[in-house]
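Peer 1: pasted the sequence and its predicted model underneath.
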Amino acid sequence: MPGVTPAPARSGVVVEIGGVPIRLCADDSGFLNMLQSRYTGFVAPSAPARFEFEINLTSPGSASVDEDVSVKWDSGRWFMERGDFRAEWNPKTARGKIRQAAYPYALDSVLRIVHSLLLAEDGSFLLHASSAVRSGRAFLFTGVSGAGKTTMMRLAPPDATLLTDEISYVKRHGEEFEAFGTPFAGELGRPGENLRAPIAAVYLLAKGQKNKLEPLRSGDAARALLANILFFAQDRALVRAVFEAACQFASRVPVQRLTFVPDARVWELIG
Amino acid sequence: MTAKRYVARSTEIAARVLGDEVMIMSARDSTLFSLNEVATLIWEAADGKTPLEEIVADKICARYDVAPDVALRDAEELVEELATRGILVLSETPVAPASAMSKGAA
């Protein structure tokens, strides 16, 4: 039509975590370059995106990352909000919008929420845990902050591959569970490798005077998992799904309490 | 004469047997509960159509050395507590039961 110039397609970066490619679009090339760098190893330029988010950048202001996250379902869309971002996502149209300042923490949070919602529907979950692959099998280390999740990754032997030192991606695959690497880094400050492996065991961490392994009964294992699963939505169907997923996991994967002295010998008990 | 009371599992929860333990999560607020042995017997029998008195006689008194009136009083306290937490529904008439809980593999 004369006099009307079509809006140019927004540039974007496709970030694939857990086998789910999500296209993140923005007008700011500097911001997109930052995403390329931050999610390096998880950028999948040729993957057809399953979902697309349009990011509108705002001025930094005084937004706080310390506020609680709100995740609500309304009129066919998820609404996600914290002090430093506002987002909405329509799973049916596979599109969403994010309004945030040009730093990465807000986007990390939105991605975690979106993945936690997708995983919950599939009997899977994000776990506050570090994880590594050794001899083709994944080992997860969970516990409260300060329990030693990052320490276990620092002490890992050279043949262990880091999946994450912060958020483990646990996906049900038939009767088994697999762990995927994530770009979500904790104190270690580096992303995991983008690979997957069947989960061999989960360790509930506690620091102590000597290295010791104790099996957990499946009820205690489910309780420990539920205390560390990342889940934000107050949605009854998804709460049920997460509960079922944790119970399924606890009945299929060995969960043990690992009391450890923080030195490399603790890895002699793993496997 | 005291009216009969019927107990049914709430539809607002998810429940699962793991090992020898019944775990229940409230779908309302994600609170996690674990039932002891006696509570589990009542929970399993809470089909909404069997009076509590009958559940106590068949499941508790038949298994434990306890006087029926004491067992019933304790059971009434227990089901009221579980109802307060949204785990059971109490009624003076039969109620539709919730779906059966899942059995864990362990």
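Peer 2: That came in fine, so what should we check first? As the structure is a prediction and not an experimental result, all values here were calculated from the model.
Peer 1: make it CA atoms for all contacts and neighbour counts henceforth
Peer 2: Fine.
Peer 1: now stretch B:26-38: buried residues?
Peer 2: By 16 or more other CA atoms under 10 Å in any protein chain shown, the buried positions in stretch B:26-38 come out as B:26-27, B:30, B:32-34.
Peer 1: where in the chain is pLDDT low?
Peer 2: If you meant another chain, say so; for now it's chain A. A:1-9, A:61-65 (pLDDT under 70).
Peer 1: switch to chain B, that's the one I care about
Peer 2: Along chain B, the parts satisfying pLDDT under 70 run over B:1-2, B:97-106.
Peer 1: quick check: longest helix of it.
Peer 2: helix B:68-84 (DSSP state H).
Peer 1: list the helices and strands that one packs on?
Peer 2: helix B:52-55, strand B:88-91 (3 or more CA pairs under 8 Å, 6 or more residues apart in numbering or on different chains; DSSP states H and E).
Peer 1: let's see that with 7 Å instead.
Peer 2: For helix B:68-84, the helices and strands in contact under the criterion 3 or more CA pairs under 7 Å, 6 or more residues apart in numbering or on different chains; DSSP states H and E are strand B:88-91.
Peer 1: what's next to the strand it packs on, contact-wise?
Peer 2: For strand B:88-91, contacts defined as CA atoms under 7 Å, 6 or more residues apart in numbering or on different chains pick out B:5-10, B:79, B:82-83.
Peer 1: how about those residues, which pair is most distant?
Peer 2: When CA to CA is used, the two most widely separated members of the contacts of strand B:88-91 are B:Arg5 and B:Ser10, lying 15.2 Å apart.
Peer 1: quick one, domains of chain A?
Peer 2: According to automatic domain parsing, chain A comprises the domains A:11-120, A:125-269.
Peer 1: make TSV out of those domains and add distance to chain B and mean neighbour count.
Peer 2: As requested, the domains of chain A are arranged in TSV below (distance: least, CA to the nearest CA, whole Å; neighbours: other CA atoms under 10 Å in any protein chain shown):
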stretch	distance to chain B	mean neighbour count
domain A:11-120	14	18
domain A:125-269	5	20
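Peer 1: tell me who's in contact with the closest residue to B:Pro51 other than its chain neighbours.
Peer 2: By the measure of CA to CA, 6 or more residues apart in numbering or on different chains, the closest residue to B:Pro51 outside its immediate chain neighbours is B:Tyr6, 4.8 Å from it. Contacts here follow CA under 7 Å, 6+ apart; on that basis B:Tyr6 touches B:48-52, B:90-94.
Peer 1: chain A: which of the contacts of strand B:88-91 is nearest?
Peer 2: When those are ranked by distance to chain A (CA to the nearest CA), B:Ser10 comes first, at 13.0 Å.
Peer 1: give me the beta-bridge partners of the closest residue to the closest one other than its chain neighbours?
Peer 2: Counting by CA to CA, 6+ apart, the nearest residue to B:Ser10 once its immediate chain neighbours are dropped is B:Leu88, at 4.9 Å. Using DSSP bridges, the bridge partners assigned to B:Leu88 are B:Arg9.
Peer 1: which SSE is A:Ala201 in?
Peer 2: Secondary structure from DSSP states H and E places A:Ala201 in strand A:196-207.
Peer 1: quick check: next helix or strand after that strand?
Peer 2: Heading C-terminal from strand A:196-207, the first helix or strand you meet, by DSSP H and E, is strand A:212-215.
Peer 1: adjacent strands (with direction) for that following strand?
Peer 2: For strand A:212-215, the pairing partners within the sheet under DSSP bridges are strand A:255-260 (antiparallel).
Peer 1: and which of the contacts of strand B:88-91 is nearest A:Tyr103?
Peer 2: The shortest approach to A:Tyr103 among those belongs to B:Ser10, at 44.9 Å (CA to CA).
Peer 1: now for that closest one, how many residues are close by?
Peer 2: Taking other CA atoms under 10 Å in any protein chain shown as the criterion, the count of residues near B:Ser10 is 21.
Peer 1: and it, how close does it get to B:Leu82?
Peer 2: Computed as CA to CA, to the nearest Å, the B:Ser10 to B:Leu82 distance reads 10 Å.
Peer 1: same question, A:Ala94
Peer 2: Spatial separation of A:Ala94 from B:Leu82 under the definition CA to CA is 41 Å.
Peer 1: what's the answer for A:Val144, then?
Peer 2: For A:Val144, the distance to B:Leu82 under the criterion CA to CA works out to 30 Å.
Peer 1: ditto for A:Gly148
Peer 2: In this view, A:Gly148 and B:Leu82 are 37 Å apart by CA to CA.
Peer 1: A:Ala138 belongs to a strand?
Peer 2: Yes: note on A:Ala138: a strand contains this position according to DSSP: H, G, I helix; E, B strand; the rest coil.
Peer 1: in space, what's closest to the spatially most central residue of chain B - neighbours in sequence excluded?
Peer 2: Nearest to the geometric centre of chain B sits B:Trp43, at 2.6 Å (CA atoms, centre = their mean). Beyond its immediate neighbours in the sequence, the residue positioned closest to B:Trp43 (CA to CA, 6+ apart) is B:Arg9, lying 7.0 Å away.
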